[in-house]
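[1] Need a 3D model of the following:
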Amino acid sequence: MDHHANEDIVISSDKSRLDRELIHAVLATTYWSKGIPRDVVERAIEGSLCFGVYKAGAQIGFARLITDQATFAYLADVFIVEAEQRKGYGKALIAHVTDALGPLRLRRTLLATADAHGLYRQYGFTPLGKPDTFMEINVKDIYQQGKAGTS
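    Numbering: from 1, shown residues only. Predicted structure coming up:
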């Protein structure tokens, strides 16, 4: 499904259009997935609903929705490449993703962000209502650690 958020860009959930090299290059330098291996990015894409943002045919942004498409989703790996930031493309991407979520009628959609609370708040995201009910297994710096079985 293609969606023209504004005349400059196209947002598509067609995985065959994704520039996987670009996605890996960006994610490997972010605060949340620094050093992520390419094969992990590939597995993440395959197991998720993905949205690419394209300008003049070239990918400039990405978002990944981990979801059962029935009750729950987790929004992850959202980015607009640095050269194209501050032009409204991030807003267009999140608007598109939240529009895509609507028909699914999910009970809960989560995300984690260190610095973009203001962006997500505009699209209905709020702090956790009952943070004490949430638990996690959080393996810090997992991509900086050696592979299992090696030292």
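[2] With just CA atoms, put the helix or strand encompassing residue 45 into PDB.
    Here residue 45, judged by DSSP states H and E, is contained in helix 38-46. Extracted in PDB, the C-alpha atoms of helix 38-46 (Å, rounded to 0.1, in the frame of the first residue of the first chain):
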ATOM      1  CA  ARG A  38      23.100  -7.300   9.400                       C
ATOM      2  CA  ASP A  39      21.500 -10.800   9.900                       C
ATOM      3  CA  VAL A  40      19.600  -9.600  12.900                       C
ATOM      4  CA  VAL A  41      18.200  -6.700  10.900                       C
ATOM      5  CA  GLU A  42      17.200  -9.100   8.200                       C
ATOM      6  CA  ARG A  43      15.400 -11.300  10.700                       C
ATOM      7  CA  ALA A  44      13.700  -8.300  12.300                       C
ATOM      8  CA  ILE A  45      12.400  -7.100   8.900                       C
ATOM      9  CA  GLU A  46      11.100 -10.600   8.000                       C
END
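[3] Distance from the chain centre to that helix, please.
    Distance of helix 38-46 from the chain centroid (CA atoms, centre = their mean, to the nearest Å) equals 13 Å.
[4] got it, and stretch 27-44?
    Its chain's C-alpha centre and that of stretch 27-44 lie 12 Å apart, by CA atoms, centre = their mean.
[5] List the buried residues of that stretch.
    Neighbour counts over stretch 27-44 (16 or more other CB atoms under 10 Å) mark 27, 28, 33, 36, 40, 41, 44 as buried. Where C-beta positions appear, they are placed from N, C-alpha and C, glycine not excepted.
[6] nearest to residue 90, of those residues?
    Among these, residue 27 lies closest to residue 90 (CB to CB), at 15.8 Å.
[7] Which residue, other than its chain neighbours, is closest to that closest one?
    Excluding its sequence neighbours, the residue lying closest to residue 27 (CB to CB, 6 or more residues apart in numbering) is residue 33, at 4.8 Å.
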